[in-house]
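Peer 1: Fold the following for me, if possible:
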Amino acid sequence: MANRIALSLSLLIALLAGATADAQVTSERMVRAAQEPQNWLMYSGGYMSQRYSLLRQIDRTNVKNLELKWILPNQVFGAWQATPLVVDGIMYLTQRPNDVMAVDAKTGRVFWQYRHTVSPDARVCCGSNNRGLAILGDTLFLATLDARLIAIDARNGRPLWNVVVGDPKLGYSMTMAPLVVKDKVLIGTGGGEYGIRGYIAAHDAKTGKEVWRFYTIPGPGEPGHETWRGDDWKTGGGSIWLTPSYDPELNLTYWGVGNPGPDWNPDQRPGDNLYTDSVVALDADTGALKWHFQFTPNDGYDYDAVQIAVLADLNWRGTPTKTMLWANRNGMFYVLDRATGRFLHGSPFVKVNWNSGLDERGRPIPTPQPAGQPTWPGNQGGTNWYSPSFSPRTELFYVSTWEGYASIYRKEQQTYVPGRSFGGGGAGAVTPVPGAPGVRIGRATPINNWTDAVGHGTVMALDPRTGQQKWKFEQFDVTDSGILTTATDLLFTGGREGYFHALDARTGELLWKVALGGQIANGPITYAIDGKQYVSVISGNSLITFGLRD
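Peer 2: Residues are numbered from 1 along each chain as shown. Below you'll find the predicted structure:
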């Protein structure tokens, strides 16, 4: 019996190895990822991060016929934020905190599992989250909560190399899905809430050796250092939570940088505090800074710019332009020229009272509120880390938002202690209804006692040329769900209420919904196997896959 089991396992591994060896994920395939809609080869679907699929089998006429195909439960409790990869019929995904699985994307059958034991020294501000993987050839790349980068054989789940990226005792962590560009694995560190000095790095995909590093907090002699006073830069924060975008023609990677430290007390760190709350454009080969744009100078509201940079080629006022579309946590929607960083447009997409507008350079005109008075948007922002989408068909930008939500901020002087929280105050959610729940990063209890007087979620469609809202889909509870659009003008998304929705991407009309029970805190994906299109989403502790009724 033991020999038969061993033989069966060997055969399974051989079959899986054969499937991956036949069609390795080359860097050339990564550049053309959007032209392989049957797969989902990276976190945002393609280097432009549009989360848009060319698949057409599921459309507005038959989406009502979607049915459950398979479910994969997570073995660890907590919000499951990962976006799976799908490569030639095999799904690769992470579950909390740092487990990796290879799954039959047609049936949900698990082929192998790799488990990384996180160091007891690890500390993260906002949950033991991991958002996914990268792949090159037959190798998967995992960024861990204890700040390690691990290469894993995609055929059998065995580790190939394991390198230290940062010191978890000091608060360094990684929750992002890496991005592979050419022969390099790109990652960034989290831990801004612990007074780290954040950085972005590229590692050699074969060996794990660091090739270049860019500090998001510039040191003495580096451009931007003058925006810090004295030694404040040493504990400046500047986390990287999310996968960057990449333009192969420009060879630039685009990264959203998080809050400064201490977080809520800007008086303790005077200056603009570059490159926090900014997007930085880095040369993919060298890590050299080509340009930057800061959304919220000297941020005192926790308005991290850790959103996905969505790249779109638009006709901008009569000129074909490589643009970057950005719905920022600070409540403002921006359009930048991604070749130069030039500011093209900025306007609020939710209620904003921390500024009275933007100047001709896109710099905000601050209007700080009196002590004890609410600031809009609140501490979790008008949007946050969850992925938006752009449809080249509709030429609309889609984003999950929090509306009607404000916070009251409190500053306090704080001394930096290595490895301890370095917040410099706090932010309380405004609760106009007595006994109403405060807004949290995630759902804290299975009992939904929400009231939309505290705030509510929407899916919003914006015209990127004007920032004008074209339609809005209202939700009762707030939302942490990413968005997926398709070539049949469908939009898939969810929310904390536990519903998974299909909307008409042109009008916002609800075409189909299903109650899945748990909050949706990842970005839906779509892929195809044997001519059949599937849609996968994570609800609560289960990954759920739908397809059309047979």
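
Peer 1: burial measure for Gly221, as a count.
Peer 2: Close neighbours of Gly221, defined as other Cβ atoms under 10 Å, add up to 6. Heads up, the C-betas are built off the backbone N, CA and C, glycines and all.

Peer 1: Can you tell me how far it is from Phe422?
Peer 2: To Phe422, Gly221 is 25 Å away according to Cβ to Cβ, to the nearest Å.

Peer 1: cool, Leu133 as well?
Peer 2: 30 Å.

Peer 1: Make sure Val103 is actually in contact with Ile71.
Peer 2: No: with contact defined as Cβ atoms under 8 Å, Val103 does not count as touching Ile71 (11.4 Å).

Peer 1: Looking at the two, which is more packed in?
Peer 2: Comparing Val103 with Ile71 by other Cβ under 10 Å, the one with more neighbours is Val103, at 22 against 12.

Peer 1: Skipping adjacent residues, who's closest to the more buried one in space?
Peer 2: Met91 (4.3 Å; Cβ to Cβ, 6 or more residues apart in numbering).

Peer 1: swap in Leu54?
Peer 2: Distance criterion Cβ to Cβ, 6+ apart; nearest residue to Leu54, sequence neighbours excluded, is Pro37 at 4.1 Å.

Peer 1: for Pro320, same thing?
Peer 2: Asp313 (6.8 Å).

Peer 1: Show me what the helix or strand the one you found falls within pairs with in its sheet, parallel or antiparallel.
Peer 2: Asp313 is part of strand 310-316, with elements assigned from DSSP states H and E. Using DSSP bridges, strand 310-316 pairs in its sheet with strand 319-327 (antiparallel).

Peer 1: Mind checking what helix or strand follows the partner strand in sequence?
Peer 2: strand 332-337.

Peer 1: could you give the angle of the helix or strand that that following strand is followed by to strand 310-316?
Peer 2: Per DSSP H and E, the first helix or strand lying C-terminal to strand 332-337 is strand 343-348. Angle of strand 343-348 versus strand 310-316, following axes from the mean of the first three to the mean of the last three Cα atoms, to 10 degrees, is 110 degrees.

Peer 1: Mind checking the pLDDT average for strand 343-348?
Peer 2: Here strand 343-348 scores 98 as its mean pLDDT.

Peer 1: Could you do stretch 100-113 as well?
Peer 2: 98.

Peer 1: roughly how far is it from the heart of the chain?
Peer 2: Stretch 100-113 has its C-alpha centroid displaced from the chain centroid by 23 Å (Cα atoms, centre = their mean, to the nearest Å).

Peer 1: Pull the residues that contact that stretch.
Peer 2: 12-13, 16, 69-72, 84, 86, 89-95, 99, 114-116, 133, 140, 142, 152, 154, 156-157, 527, 529-530, 534, 543, 545 (Cβ atoms under 8 Å, 6 or more residues apart in numbering).

Peer 1: Please report the distance of the nearest residue to Pro388 once chain neighbours are set aside from Lys470.
Peer 2: Take Pro388 and drop its neighbours on the chain: the residue closest to it by Cβ to Cβ, 6+ apart is Val399, 4.2 Å away. To Lys470, Val399 is 12 Å away according to Cβ to Cβ.

Peer 1: tell me, what's touching these two both at once?
Peer 2: With Cβ under 8 Å, 6+ apart, Val399 and Lys470 have common neighbours Leu462.

Peer 1: Strands of the stretch 1-150 of the chain, residue ranges please.
Peer 2: Taking DSSP state E, counting those that start in this stretch, the strands of the stretch 1-150 of the chain run over residues 52-53, 66-73, 85-87, 90-95, 99-104, 110-115, 134-136, 139-143, 148-153.

Peer 1: The fifth one pairs with which strands, and in what direction?
Peer 2: For strand 99-104, the paired strands and their directions (DSSP bridges) read strand 90-95 (antiparallel), strand 110-115 (antiparallel).

Peer 1: now it, how far from the centre of its chain.
Peer 2: With Cα atoms, centre = their mean, you get 20 Å for strand 99-104.

Peer 1: Numbering from 48 from now on, please.
Peer 2: New numbering, starting at 48: the last item is strand 146-151.

Peer 1: can you give me the angle that strand makes with strand 195-200?
Peer 2: Here the directions of strand 146-151 and strand 195-200 differ by 30 degrees (the same axes, to 10 degrees).

Peer 1: With only the CA atoms kept, save strand 146-151 in PDB.
Peer 2: The C-alpha coordinates for strand 146-151 follow below in PDB (Å, rounded to 0.1, in the frame of the first residue of the first chain):
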ATOM      1  CA  ASP A 146       1.500  29.300   3.000                       C
ATOM      2  CA  VAL A 147       1.700  28.600  -0.700                       C
ATOM      3  CA  MET A 148      -0.500  26.100  -2.700                       C
ATOM      4  CA  ALA A 149      -0.600  24.700  -6.200                       C
ATOM      5  CA  VAL A 150      -4.200  23.900  -7.200                       C
ATOM      6  CA  ASP A 151      -6.000  22.500 -10.200                       C
END
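
Peer 1: Thanks again, I'm all set now.
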